[in-house]
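Colleague: okay, structure incoming, though there's no sequence with it:
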């Protein structure tokens, strides 16, 4: 945004738009003061520089216009200038300046005021504020703008007052900070210097008051150089205001400050400064020429306040006096360094008593002082002091004296000579103030010095040289002199009293000396306590200031954060409002354009003007579309009617046109034939004429053919030579270029060969590395395969051993099952023979069934039911597999929960040599080995051999199946006939045989 603002201020300066620049700079300050203060300084400095450059350019332009207006340098006056001078008192240059320079001066002044108003009471921009204020002072001094300087001082004073009023605002200036206060002091000192240079003494005095107020607020002492400049400016201000008393006091403070600095001064500088200090003190009028009668009435309160105010400006506790200033000057031993005539002047006025020759002795000195420009301003007040001293000394010598005699005694060179009226006025003023007691007798033209015995003592008379005491002094001191005389007489009559007093005095001195040490120690202790209290108070004050500063910083941070949030919210709202207004403006403009377009195209809208003004774009577009559709429809209808009418007209035209076209064709054919014949005849005649002319030309050209051929041959020979020369040069250049390209090609091939060799070397190295890595990998793979083969062989050996054990176990089981089957058949036969008893008592198995037919039927049914199971067990690997699967499938149906559970982990298989997962597909027959595996006990499924055997059903049951298969077949038969319940448990019974087998009851677990 900074380049935009720089361009903005440049345009404002070029167009002299001060108010626009002010508004823009205010807004830019509010935007950028929290983020980038440097950019604000850059923009404002650029603004002031451009305005100053415009003023400089205007001055140069005005000077050029003035010089261009002078046509004749020798002519002092022209008729036009004479006539214009009678009407206006302005000169040509003044008018040019007013027309060219004044507008830019006004703009520059407005720019200074604008910038100071923008930068006021902002701690971040305080340095820039003081710099612009100093530039404004320089502007006022350079162009002697006294009125603008007064306004500038009032503006700065108002800004200073508003600092305390708006101290709660964020980024406000804190005058308690030494740096800020020092910057304001520097600005006020510059203001004071500018006011003195412009000789605006009232503004200078007000600036002095501003400086004093700031000094009273400052906690650190100001710079001595600044204070020296401050007192020097005060001397000028008081000299202009003819306040000689405070003028002398200012010189005294200035001299004291210069001495305290220890700054080395030359002998001339010391003489000049000491002479000014003494001369300013001697120039203080003994009788002040002010209104009022302090000798007779109470001092005027306003006068006392003014004296106290001026004393405070000089840093003095009380108002200075003439005698005090002289004593202070003498105490600094300045009489040795002053000029000799000033030393003599001091002796005449303050030491010697010579009323009849005082003026004659002083006149040569006054003449020398009048010749010096720096001392000439003190001649007038010195004459009043001389006249006062003359009257005071005459009053001590004479009682009555002629007025002419006094006038002769008070004779001074012109223009300081006094006449009778001036002396009389001076005497009246002194009498009114009570400093003189003189009566003027106009009848005798004499002066009478009255001696009032009871008059009050006069301070001014006591300050000057005295020849003898006046009667009033004698009357006033009569009792004191009598007391002294009596005191002396008593001591002479009674010397013992004197001894007693001397003794008492010595004793008092002794007691005082004895208690002096104790009092001294007590005073030191009190001093230490006071110092501690001061330190404690200072510590508390510093702590309080730190707490206040921290609180103020925290509060300022909170206020800054709040202000930042507020500004962000306002910016957001403004942006939203701007976008909304922009959208509304765009819609309104589009609606207006649409309305204008509709009106321009003369499209009738069924809306009144108010509705048109409030209608939106969509409504207008809809109306436009409707109107266009309506017009289009009407146009189509008109076009159809017109087309129909034109069709009929065209038909009528063509019917009438047919016979006319035939007649026109015949006429046109005859005209074309006649034209063709005439054109052919003309063409033949023209060809004959042209051929004859060509033959004439040929006969003329044949005569110059040899010359033409000779010239052509020469030209061709010359061009052939040039061609051969260029060809040879081109061939040489081609050979050179060819050789260069061959060299480049060879170097390129050599470089490519080197690169190729380097690439082949790198490739061979990479292939060797890859081959070495591959060999290492193959070696590791070989070792891994050997390890796997070893483990596999061990596993095969272990598996073969376990297979042998399983074979022996199966053989034993087969024998046991055969014996159990034989015994079972015997029991069944015994049961079939026994009679059936239907009593409530226990019936043996042999008697439970009926006769032989029933037993035979049961045996046949049992055989029919057990035969499929047996065959399935005997030939599990052949044709009976599907039957067992079909028989066992209903039992396995409850295990199917969902299609996602077709793949299940086999928890009972934990060996690493085989997969522990099985998948069962829908509609697929279950293999016999799975049914046999499910019917085996859990302890038979743990070993790898058992797992491997379960995959081979033929190895488990042999050709007829084991006892488990037969038990399962029996359970299935019982379930099929309804003899067994749904308890889910089948009992397999076996009686103990000769080999030690016993009956086992084992549950068949179902999942």
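Modeller: Sure thing, it's come through. The shown structure was predicted, so the numbers you read here are calculated from the model rather than taken from an experiment.

Colleague: give me the pLDDT value at residue 466.
Modeller: The model reports residue 466 with a pLDDT of 63.

Colleague: what do you get for residue 669?
Modeller: pLDDT, read off for residue 669, is 90.

Colleague: use 34 as the first number for this chain going forward.
Modeller: In the new numbering, first residue 34, that becomes residue 702.

Colleague: next, count neighbours for it.
Modeller: Look at residue 702: counted by other Cβ atoms under 10 Å, it has 9 neighbours. Backbone N, C-alpha and C define where each C-beta goes, glycine included.

Colleague: next: residue 651.
Modeller: So residue 651, with other Cβ under 10 Å, has 10 neighbours.

Colleague: next up, the contacts around it.
Modeller: Applying Cβ atoms under 8 Å, 6 or more residues apart in numbering to residue 651 gives no contacts.

Colleague: distance check, residue 738 against residue 526.
Modeller: From residue 738 across to residue 526, the span is 182 Å (Cβ to Cβ, to the nearest Å).

Colleague: same question for residue 1003.
Modeller: 176 Å.

Colleague: mind checking which of the two has more residues around it?
Modeller: Taking neighbours as other Cβ under 10 Å, residue 1003 and residue 526 compare with residue 1003 leading, 18 against 8.

Colleague: where does that one land on pLDDT?
Modeller: Residue 1003 carries a pLDDT value of 70.

Colleague: so where does it fall, helix or strand?
Modeller: Assigned by DSSP states H and E, residue 1003 belongs to helix 996-1010.

Colleague: for this protein, which helix is longest?
Modeller: With residue count as the measure and DSSP state H as the assignment, the chain has helix 738-866 as its longest helix.

Colleague: and it, what does it pack against?
Modeller: helix 878-881, helix 885-907, helix 977-983, helix 986-990, helix 996-1010 (3 or more Cβ pairs under 8 Å, 6 or more residues apart in numbering; DSSP states H and E).

Colleague: quick check: mean pLDDT across it?
Modeller: Rounded mean pLDDT across helix 738-866 is 91.

Colleague: so which bits of stretch 848-857 are buried?
Modeller: 849, 850, 852, 853 (16 or more other Cβ atoms under 10 Å).

Colleague: repeat that for stretch 464-480.
Modeller: Neighbour-count burial for stretch 464-480, with 16+ other Cβ under 10 Å as criterion, is recorded at 464, 465, 466, 467, 468, 469, 470, 471, 473, 479, 480.

Colleague: what stretches of this protein score poorly on pLDDT?
Modeller: 97-132, 252-253, 321-335, 484-506, 631-649, 865-998, 1000-1002, 1004-1040 (pLDDT under 70).

Colleague: now the buried residues of stretch 848-857 in a markdown table, with distance to residue 191?
Modeller: Output for the buried residues of stretch 848-857, formatted as a markdown table (distance: Cβ to Cβ, whole Å):
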| residue | distance to residue 191 |
| --- | --- |
| 849 | 128 |
| 850 | 128 |
| 852 | 134 |
| 853 | 130 |
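
Colleague: biggest separation within these, which pair?
Modeller: Farthest pair in the buried residues of stretch 848-857 (Cβ to Cβ) is 850 and 852. Separation: 7.4 Å.

Colleague: right, and residue 273 touches residue 235 too?
Modeller: No: Residue 273 is not in contact with residue 235 according to Cβ atoms under 8 Å; the separation is 9.9 Å.

Colleague: what about these two, which has more around it?
Modeller: Between residue 273 and residue 235, counted using other Cβ under 10 Å, the more crowded position is residue 273 (16 against 13).

Colleague: look up the closest residue to that one, ignoring the ones flanking it.
Modeller: residue 234 (4.8 Å; Cβ to Cβ, 6 or more residues apart in numbering).

Colleague: swap in residue 445?
Modeller: Nearest residue to residue 445, sequence neighbours excluded (Cβ to Cβ, 6+ apart): residue 416, at 6.0 Å.

Colleague: pretty sure that neighbour is touching residue 399, no?
Modeller: Yes: counting by Cβ under 8 Å, residue 399 is a contact partner of residue 416 at 7.4 Å.

Colleague: quick revisit: for the buried residues of stretch 464-480, which one is nearest residue 761?
Modeller: For the buried residues of stretch 464-480, the nearest to residue 761 is residue 466 (128.3 Å; Cβ to Cβ).

Colleague: can you list contacts of stretch 187-203?
Modeller: Residues outside stretch 187-203 that contact it (Cβ under 8 Å, 6+ apart) are 146, 149-150, 153-154, 166, 205-208, 217, 220, 224, 239, 243, 589, 592-593, 596.
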